[in-house]
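> Sharing a sequence plus its predicted fold:
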Amino acid sequence: MQPTLLLLIAMTPENVAQIAEHFHVIHAPTRAERDAAIARDGQDVRIVLTNGSTGLTGAEIAAMPKLELACALGATVARYAGACPDYSMEEALELV
(Lines give C-alpha, C1' and ligand atoms only; values in the text may rest on other atoms or scores of the structure.)
Protein backbone atom coordinates (compact mmCIF):
# COMPACT_ATOMS: atom_id res chain seq x y z
CA MET A 1 0.00 0.00 0.00
CA GLN A 2 1.31 3.41 -0.96
CA PRO A 3 1.72 6.09 1.73
CA THR A 4 -0.97 8.77 1.70
CA LEU A 5 0.20 12.22 0.56
CA LEU A 6 -2.00 15.27 1.02
CA LEU A 7 -1.25 17.74 -1.78
CA LEU A 8 -2.39 21.23 -0.76
CA ILE A 9 -1.19 23.20 -3.77
CA ALA A 10 -2.42 23.42 -7.34
CA MET A 11 -0.55 21.21 -9.78
CA THR A 12 -1.12 20.09 -13.32
CA PRO A 13 -2.78 16.71 -13.83
CA GLU A 14 0.50 15.46 -15.29
CA ASN A 15 2.42 16.40 -12.14
CA VAL A 16 -0.22 14.86 -9.89
CA ALA A 17 -0.03 11.67 -11.97
CA GLN A 18 3.76 11.55 -11.53
CA ILE A 19 3.43 11.85 -7.76
CA ALA A 20 0.64 9.25 -7.78
CA GLU A 21 3.10 6.70 -9.17
CA HIS A 22 4.62 6.59 -5.67
CA PHE A 23 1.90 7.81 -3.30
CA HIS A 24 -1.83 7.65 -2.71
CA VAL A 25 -2.49 11.32 -3.53
CA ILE A 26 -5.30 13.38 -2.08
CA HIS A 27 -5.26 16.61 -4.09
CA ALA A 28 -6.93 19.38 -2.12
CA PRO A 29 -5.81 22.76 -3.48
CA THR A 30 -8.80 24.80 -2.28
CA ARG A 31 -9.72 25.66 1.31
CA ALA A 32 -12.96 23.64 1.12
CA GLU A 33 -11.19 20.60 -0.37
CA ARG A 34 -8.42 20.88 2.18
CA ASP A 35 -10.76 21.04 5.16
CA ALA A 36 -12.82 18.12 3.84
CA ALA A 37 -9.75 16.00 3.08
CA ILE A 38 -8.26 16.52 6.53
CA ALA A 39 -11.57 15.74 8.23
CA ARG A 40 -12.13 12.65 6.09
CA ASP A 41 -8.60 11.29 5.61
CA GLY A 42 -6.41 13.03 8.19
CA GLN A 43 -5.93 9.85 10.18
CA ASP A 44 -4.18 8.24 7.16
CA VAL A 45 -2.00 11.12 5.93
CA ARG A 46 1.73 10.51 6.31
CA ILE A 47 3.05 13.29 4.03
CA VAL A 48 1.87 16.81 3.23
CA LEU A 49 3.09 18.84 0.26
CA THR A 50 2.33 22.55 0.55
CA ASN A 51 4.15 25.82 -0.11
CA GLY A 52 5.18 28.83 1.92
CA SER A 53 2.06 30.89 1.29
CA THR A 54 -0.38 27.99 1.75
CA GLY A 55 1.36 26.62 4.83
CA LEU A 56 0.04 24.12 7.36
CA THR A 57 -1.50 24.98 10.72
CA GLY A 58 -0.97 23.38 14.10
CA ALA A 59 -4.60 22.25 14.17
CA GLU A 60 -4.12 20.55 10.81
CA ILE A 61 -0.94 18.84 12.01
CA ALA A 62 -2.76 17.66 15.14
CA ALA A 63 -5.53 16.17 12.96
CA MET A 64 -2.97 13.98 11.16
CA PRO A 65 -1.53 11.66 13.84
CA LYS A 66 0.49 9.61 11.32
CA LEU A 67 2.13 12.68 9.73
CA GLU A 68 5.84 12.00 9.22
CA LEU A 69 6.87 14.65 6.72
CA ALA A 70 5.60 18.09 5.73
CA CYS A 71 7.25 19.55 2.63
CA ALA A 72 6.92 23.19 1.63
CA LEU A 73 7.95 24.05 -1.93
CA GLY A 74 9.69 27.39 -2.23
CA ALA A 75 9.71 28.11 1.50
CA THR A 76 12.73 28.86 3.62
CA VAL A 77 12.98 27.32 7.06
CA ALA A 78 12.35 30.68 8.71
CA ARG A 79 9.28 31.30 6.55
CA TYR A 80 7.89 27.82 7.15
CA ALA A 81 8.45 28.06 10.90
CA GLY A 82 6.56 31.34 10.81
CA ALA A 83 3.71 29.76 8.86
CA CYS A 84 2.89 27.53 11.80
CA PRO A 85 3.22 29.74 14.90
CA ASP A 86 0.51 27.87 16.83
CA TYR A 87 2.41 24.58 16.78
CA SER A 88 5.23 24.10 19.24
CA MET A 89 8.55 22.85 17.90
CA GLU A 90 8.65 20.62 21.00
CA GLU A 91 5.63 18.71 19.68
CA ALA A 92 7.69 16.47 17.38
CA LEU A 93 7.90 18.93 14.49
CA GLU A 94 11.38 18.72 13.08
CA LEU A 95 12.54 21.14 10.43
CA VAL A 96 15.07 19.66 8.02
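Received, thanks.

> Could I get the buried residue list for stretch 31-39?
34, 37-38 (16 or more other Cβ atoms under 10 Å). In short, each C-beta sits where N, CA and C put it, glycine included.

> what packs against the longest helix along the chain?
Longest helix of the chain, by residue count under DSSP state H: helix 31-41. Helices and strands touching helix 31-41, by 3 or more Cβ pairs under 8 Å, 6 or more residues apart in numbering; DSSP states H and E, are strand 4-7, strand 24-27.

> how distant is the last one from the center of its chain?
The offset between the C-alpha centroid of strand 24-27 and the centroid of the whole chain comes to 10 Å, using Cα atoms, centre = their mean, to the nearest Å.

> same thing with the first one?
In terms of Cα atoms, centre = their mean, the centre of strand 4-7 is set 6 Å apart from its chain centre.

> Next SSE downstream of that strand?
helix 13-20 (DSSP states H and E).

> Tell me the buried residues in that next one?
Applying 16+ other Cβ under 10 Å to helix 13-20 flags Ile19 as buried.

> just how off-centre is that helix within its chain?
16 Å.

> Next, count neighbours for the nearest residue to Met1 once chain neighbours are set aside.
Among residues not flanking Met1 along the chain, His24 sits closest, at 7.5 Å (Cβ to Cβ, 6 or more residues apart in numbering). For His24, the neighbour count with other Cβ atoms under 10 Å is 17.

> if we can go back for a sec, run through who's touching the longest helix of the chain.
4, 6, 8, 26-28, 45, 60, 63-64 (Cβ atoms under 8 Å, 6 or more residues apart in numbering).

> pLDDT below threshold where in this structure?
75-96 (pLDDT under 70).

> Okay, and the beta partners of the most centrally placed residue in the chain?
Per Cα atoms, centre = their mean, the C-alpha nearest to the average position across the chain is that of Val48, at 2.3 Å. Assessed by DSSP bridges, Val48 has beta-bridge partners Leu6, Ala70.

> From Gly55, how far off is it?
10 Å (Cβ to Cβ, to the nearest Å).

> if we can go back for a sec, out of the contacts of helix 31-41, what pair is the most spread apart?
The two members of the contacts of helix 31-41 with the most space between them (Cβ to Cβ) are His27 and Ala63, at 17.9 Å.
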